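Novice: When you get a sec, could you give me coordinates for this:
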Amino acid sequence: MKSPMMEGVHILATGSAVPNLCISNRELSKVMNTSDEWISTRTGIKERRVITETQSIIDLAVDASEAALNKGSFSPDQLDLIILATSSQNDLFGSASQLQASIGATNAAAFDITAACSGFVIGIITASQFIQAGAYKNILVVGADVLSKWVDWSDRSTCILFGDGAGAALLQSSQNNHLLGFQLETNGMEAHQLSIAYKQNPNHLHQNNLFKCKQGYYQYLQMNGREVYKFAVSKVPESIRQCLSRINLSTNDVSWLLLHQANQRILDTVAAKLSIPSCKIISNLEYYGNTSAASIPIALNEANERGDLKIGDIIVIAGFGAGLTWGTVVVRWST
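Specialist: Next comes the predicted model:
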């Protein structure tokens with residue numbers, strides 16, 4: 001759907017953070033049956049960053065948030081709302097409040113969005129609705145994930161893909177609206193294709209006077225790579241076309257295509273289906289792998305820092321992943 005034209009939305013600043021620990025494909029090949037060639041030719045990934053035992057997702061989220069705030073010359077106590085998109089929070093009840101406290105955003109409400117690789121796109125759209133409705137003026141949207149904690153490091157089909165990181169964007173109300181349109185979709189019938197599922201443990205039984213309660217645990221990340229690939233290369237181009245059409249734009253108007261950094265083959269195939277040249281693809285997964293909700297804001301920030309993004313550029317941003325969820329947001333760059 002197209003966002004209502006009420007208050008305008010403007011991206012004031014961006015920031016990102018990744019762990020210092022870098023694990024290359026060659027290092028992985030020393031502990032499992034794989035190789036740099038096998039991984040890079042199938043995914044485009046050469047290395048990934050992973051947090052150490054002394055780091056947490058909050059550390060990364062704080063660094064990314066403070067980078068965005070500093071670039072925007074913006075004080076944390078001016079924030080009205082913080083949205084943390086993550087599926088690997090360090091508290092099952094959510095981690096946005098911990099981020100709020102850590103950066104000193106004493107006047108901001110805060111909540112989590114759990115939507116895996118679509119999380120940052122959903123966060124941006126959610127923030128825009130608060131701003132356009134006039135409820136808030138200054139919102140920090142953070143995408144952060146540490147899926148290294150949730151992959152089976154003996155399973156080469158999944159562990160080679162993922163890395164850790166965080167990215168942030170500071171959104172403000174504006175006289176001119178720079179968030180031109182969006183679209184969100186979900187197919188819950190295929191949720192099993194990519195999940196971190198809860199499993200009941202039949203041997204762990206707690207008893208009390210009222211009922212018998214069986215407790216369990218969350219499993220490692222499970223993914224049907226072939227089905228996820230088919231889903232992404234079919235649904236994402238369709239979503240982008242529909243979103244552009246609703247705001248009277250075409251793929252010829254696109255300056256930059258920024259997709260969730262899952263697999264270079266997916267990026268190239270989606271661009272080809274849209275007839276968008278490869279020189280317009282923003283990609284950095286060679287260095288970070290799939291950082292889930294963090295992948296889009298990290299890539300956005302790096303493109304911004306390089307000076308690639310010019311005022312007036314049309315940036316098509318699309319996320320896709322667990323749920324299965326996918327969504328598109330179109331931004332006219334103004335920073």
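
Novice: Does His178 touch Gly8 like I think?
Specialist: Yes: with contacts counted by CB atoms under 8 Å, His178 reaches Gly8, the gap being 6.8 Å. To be clear about C-beta, it is placed using only N, CA and C from the backbone, and glycine gets the same treatment.

Novice: Which one's more surrounded, the two?
Specialist: A count of neighbours by other CB atoms under 10 Å puts His178 above the other of His178 and Gly8, at 20 against 17.

Novice: and that one, what does it touch?
Specialist: Gly8, Val9, His10, Ile11, Val331, Arg332, Trp333, Ser334 (CB atoms under 8 Å, 6 or more residues apart in numbering).

Novice: quick one: secondary structure of the fifth one?
Specialist: This means Val331. Three-state assignment for Val331 (DSSP: H, G, I helix; E, B strand; the rest coil): strand.

Novice: Give me the nearest residue to it, chain neighbours excluded.
Specialist: Ile315 (4.7 Å; CB to CB, 6 or more residues apart in numbering).

Novice: To which secondary structure element type does the one you found belong?
Specialist: Quick answer, by three-state DSSP: Ile315 is strand.

Novice: partners of the spatially closest residue to Asn176 that is not a sequence neighbour in the sheet?
Specialist: Nearest residue to Asn176 in three dimensions, chain neighbours excluded: Gly8, at 4.9 Å (CB to CB, 6+ apart). Gly8 forms beta bridges with Ser174, as assigned by DSSP bridges.

Novice: isn't Gly8 right next to Gln172, touching?
Specialist: No: using CB under 8 Å, Gly8 makes no contact with Gln172, being 9.1 Å away.

Novice: Next, show the common contact partners of the two.
Specialist: With CB under 8 Å, 6+ apart, Gly8 and Gln172 have common neighbours Ile131.

Novice: element containing Glu66, please.
Specialist: Using DSSP states H and E, Glu66 maps to helix 57-71.

Novice: the bottom helix or strand of this protein by mean pLDDT?
Specialist: strand 198-207 (a mean of 70; mean pLDDT, DSSP states H and E).

Novice: okay, now Asp91: neighbour count?
Specialist: 12.

Novice: nearest residue to it other than its sequence neighbours?
Specialist: Gln98 (7.1 Å).

Novice: How far does the helix or strand encompassing the one you found sit from its chain's centre?
Specialist: Gln98 belongs to helix 96-103 when assigned by DSSP H and E. Centroid separation for helix 96-103 versus its chain: 19 Å, with CA atoms, centre = their mean, to the nearest Å.

Novice: Restrict stretch 240-257 to CA atoms and write it as PDB.
Specialist: Taking Å, rounded to 0.1, in the frame of the first residue of the first chain, the C-alpha atoms of stretch 240-257 are listed here in PDB:
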ATOM      1  CA  ILE A 240       9.200  -4.200  -6.200                       C
ATOM      2  CA  ARG A 241       7.300  -3.800  -9.500                       C
ATOM      3  CA  GLN A 242       4.000  -3.400  -7.700                       C
ATOM      4  CA  CYS A 243       5.400  -0.900  -5.300                       C
ATOM      5  CA  LEU A 244       6.900   1.200  -8.000                       C
ATOM      6  CA  SER A 245       3.800   1.100 -10.100                       C
ATOM      7  CA  ARG A 246       1.700   2.400  -7.200                       C
ATOM      8  CA  ILE A 247       3.800   5.500  -7.000                       C
ATOM      9  CA  ASN A 248       4.000   6.000 -10.800                       C
ATOM     10  CA  LEU A 249       7.700   5.000 -11.100                       C
ATOM     11  CA  SER A 250       9.300   2.300 -13.200                       C
ATOM     12  CA  THR A 251      12.500   0.300 -12.800                       C
ATOM     13  CA  ASN A 252      14.200   2.800 -15.200                       C
ATOM     14  CA  ASP A 253      13.800   5.400 -12.400                       C
ATOM     15  CA  VAL A 254      15.700   3.300  -9.900                       C
ATOM     16  CA  SER A 255      19.100   4.700  -8.900                       C
ATOM     17  CA  TRP A 256      20.000   2.000  -6.500                       C
ATOM     18  CA  LEU A 257      18.700  -1.500  -5.600                       C
END
